[in-house]
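need a 3D model of the following:
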Amino acid sequence: MAGTSIRTGFLITILALAIVPGARADDSGPIRYDIRFPMHGDRIDAVEVRATARAGVDGRIDFVAPWQGAAEVRAESGTLDTSSGGHWIVKAKPGDDIVLVWRTRPAQAWRRLDVSVWRSVLVRPDAVATAGGALLALPDGARDRVAEVHWSAPPGWVVSTTFRQGMQTLGELGDGTFMMALHGATATRTTNNNNTIRVMTLNPRRVDVERVADDIASVVDKATPPATQHDFTLNIVDLDGDDQSLSINGRSMGAMVYLLPQVRYDTWVPFVIGAATMPAEDKVAPANAWYTQGFTAYRTLELTRDAGLASPSTLAYLLNQATTQYGNSPLRRAPNRRVVEEYTAIRELRDLPPARGALFAMLLDDRIRKATGGVRSLEDALGRMPALTDDPGPALIDAVAAVGGGDVTSLYRRYIVDGELLQLPRDALAPCFTIGTVADWGGWQTQHVFARAGCGSGKTVAGYGGAPL
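Below you'll find the predicted structure:
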């Protein structure tokens, strides 16, 4: 999933940035995208994209249409069929070139929030902002296929994008972000591992990009192992409106935030930080994903909480998503060897390690705190972990023992190696949160996180993940 409305998919940016299914075999070679910005004076009229590819052995390419659709689409080479909803199918003789051209709706003053804003391409006379999947028609399922990308901004315009000039995969392109404006504020930070954090907003009066860049970089440096750090680009679109809804399109390399004035800083920044700290797809080793993804997610939550970057309600929601994502998984009892063997084949096995690892980290933190009377925590143990290791399990066991947490070998074997069902103690997240087990109508039991009254301000909301407002 390349984008999400925060009302329905909060954890996608912190604990569920799993790899999307890979490409099926394709013998038609790279596909080229040329992105143009037709102008009227110094104002943009629309965005136009030309896709050029060679037809494979079956003589056709099935493009998934951009989420927003297009004002105009045509085939300059080949025959276009748009009768299949959401797909543009171009046919030609095997080996012949296919050229597909489409154009967005004309530029307009776009300031109001739509329910599917993250699926839209913002085209204003003075700005363009879009996620890759909102703008580009991509061949169905071919995430690993190579794309060659070319675009050129108008002179003097500011650009912030993950769209690289030249070669990249279609998956990277579809998950990417692009923002360009006649006027815009940007900030750049370099992490301790020489990666770059870039932030851009169309309206610096609403968003302090310097503060955002500082906060992202500070957590990335502390939460992310050097081997998994990567560049991260954040583009922020400010909108008008009178509610507190929030839309984010986020992956590990970049994110788009569509921000209303009423949305507080500490309710949206944790999403972005979570995306920035997740390992890039090509750096995830399935055997260690429980640690590289799950423990990174745990440390991200801890650091954002300690720095005051996450509101109590945001923390409650994130913690609840961790327990429910794991608890709702049909493969929650899968041993780690199965995760390794079928990681690329089964989506649920890619989603499992981040949640399982995060819960295991919470379990160890609770154990260390209780064993040491609150003097030590998991963070003390993680400070003893090597920056690079092929097998983090033994090193983690030694680190926990060294800070007074006892021997956790049996816990590691049960919950990580063998995949037994991990249930957190009711008070593992005390004092501000409690954990309860809830059964659905079919009897399936899942742990949920509830906020305690008195932590934070305001009343406690009833229900799953209830938190002080």
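
could you list the low-pLDDT ranges of the chain?
For the chain, residues meeting the criterion pLDDT under 70 lie at 1-28, 110-118, 227, 242-245, 281-282, 454-469.

for the residue located most distally from the centre of it, what are its contacts?
Distance from the C-alpha centroid of the chain, by C-alpha atoms, centre = their mean, peaks at Lys93 (38.7 Å). For Lys93, the contacting residues are 55, 59, by C-beta atoms under 8 Å, 6 or more residues apart in numbering. C-betas here are computed from N, CA, C, even on glycine.

6 Å instead, please
By C-beta atoms under 6 Å, 6 or more residues apart in numbering, Lys93 lies in contact with Gly59.

run the chain-centre distance for stretch 337-356.
In terms of C-alpha atoms, centre = their mean, to the nearest Å, the centre of stretch 337-356 is found 17 Å from the chain centre.

stretch 283-298 too?
With C-alpha atoms, centre = their mean, you get 14 Å for stretch 283-298.

can you give me the end-to-end span of it?
18 Å (C-alpha to C-alpha, to the nearest Å).

export the helix or strand where Asp380 lies as PDB, just CAs?
If you go by DSSP states H and E, Asp380 is part of helix 378-382. Written as PDB, here are the backbone C-alpha positions of helix 378-382 (Å, rounded to 0.1, in the frame of the first residue of the first chain):
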ATOM      1  CA  LEU A 378      15.900  -2.300  26.900                       C
ATOM      2  CA  GLU A 379      17.500   0.800  25.600                       C
ATOM      3  CA  ASP A 380      20.500   0.100  27.800                       C
ATOM      4  CA  ALA A 381      20.800  -3.400  26.300                       C
ATOM      5  CA  LEU A 382      20.500  -2.100  22.800                       C
END
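
tell me which other helices or strands it touches.
Here helix 378-382 touches helix 347-371, going by 3 or more C-beta pairs under 6 Å, 6 or more residues apart in numbering; DSSP states H and E.

now do stretch 140-154: distance from first to last residue.
Using C-alpha to C-alpha, the end-to-end distance of stretch 140-154 comes out at 31 Å.

quick one: Thr409 and Leu396 touch, right?
No - the pair Thr409 / Leu396 is not scored as a contact, 10.1 Å apart, by C-beta atoms under 6 Å.

which residue ranges of the stretch 151-300 of the chain form helices?
170-174, 209-223, 265-277, 289-292, 294-306 (DSSP state H, counting those that start in this stretch).

and those as CSV, adding distance to Met180?
CSV is the format used below for the helices of the stretch 151-300 of the chain (distance: least, C-beta to C-beta, whole Å):
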stretch, distance to Met180
helix 170-174, 16
helix 209-223, 16
helix 265-277, 20
helix 289-292, 33
helix 294-306, 30
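
can I get these in TSV with mean neighbour count and distance to Arg43?
Listed next are the helices of the stretch 151-300 of the chain as TSV, based on neighbours: other C-beta atoms under 10 Å; distance: least, C-beta to C-beta, whole Å:
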stretch	mean neighbour count	distance to Arg43
helix 170-174	23	27
helix 209-223	20	24
helix 265-277	24	30
helix 289-292	24	46
helix 294-306	23	40
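
so which of the ones you listed is nearest Thr190?
Between Thr190 and these, the shortest gap by C-beta to C-beta is with helix 209-223, which sits at 7.8 Å.

what residues are up against Ala310?
Residues near Ala310 by C-beta under 6 Å, 6+ apart: 266, 270, 304.

same thing but at 10 Å, please
Neighbouring residues of Ala310 by C-beta atoms under 10 Å, 6 or more residues apart in numbering: 265-271, 273-274, 300-301, 303-304, 316-318.

from those, which is closest to Arg376?
Checking those one by one against Arg376 (C-beta to C-beta), the nearest turns out to be Leu303, at 17.3 Å.

how about the most centrally placed residue in the chain: what's its closest non-neighbour residue?
Taking C-alpha atoms, centre = their mean, the centroid of the chain lies closest to Arg251, which sits 2.9 Å from it. In space, and not counting its chain neighbours, Arg251 is closest to Asp175: 4.1 Å by C-beta to C-beta, 6 or more residues apart in numbering.

do Val158 as well
Nearest to Val158 is Gly184, by C-beta to C-beta, 6+ apart, at 4.4 Å.

distance of the one you found relative to Phe163?
16 Å (C-beta to C-beta, to the nearest Å).

swap in Ser84?
For Ser84, the distance to Phe163 (C-beta to C-beta) stands at 27 Å.

kindly report the same for Asp175.
11 Å.

and the residue farthest from the centre of the chain, that one's in a helix?
No - read with DSSP: H, G, I helix; E, B strand; the rest coil, Lys93 is coil and lies in no helix.

now the helix holding Asp380: buried residues?
Neighbour counts over helix 378-382 (16 or more other C-beta atoms under 10 Å) mark 378-382 as buried.

for these, give me JSON lines that also has distance to Arg347.
Below are the buried residues of helix 378-382 laid out as JSON lines (distance: C-beta to C-beta, whole Å):
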{"residue": "Leu378", "distance to Arg347": "29"}
{"residue": "Glu379", "distance to Arg347": "32"}
{"residue": "Asp380", "distance to Arg347": "35"}
{"residue": "Ala381", "distance to Arg347": "32"}
{"residue": "Leu382", "distance to Arg347": "29"}
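
OK, contacts around Gly404?
Per C-beta under 10 Å, 6+ apart, neighbours of Gly404: 367-369, 371-373, 375-376, 380-381.

which of the helices or strands spans Glu320?
One correction, residue 320 is Asn, not Glu. Counting by DSSP H and E, Asn320 is found in helix 312-327.

against which helices or strands is that helix packed?
helix 265-277, helix 294-306, helix 347-371, strand 433-439, strand 445-451 (3 or more C-beta pairs under 10 Å, 6 or more residues apart in numbering; DSSP states H and E).

distance to Asp58 added to those, as JSON lines?
Output for the helices and strands packed on helix 312-327, formatted as JSON lines (distance: least, C-beta to C-beta, whole Å):
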{"stretch": "helix 265-277", "distance to Asp58": "37"}
{"stretch": "helix 294-306", "distance to Asp58": "41"}
{"stretch": "helix 347-371", "distance to Asp58": "26"}
{"stretch": "strand 433-439", "distance to Asp58": "49"}
{"stretch": "strand 445-451", "distance to Asp58": "44"}
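
nearest to Ala287, out of these?
helix 347-371 (9.3 Å).

same question for the closest one: list its buried residues.
Neighbour-count burial for helix 347-371, counted by 16+ other C-beta under 10 Å, picks out 349-369.
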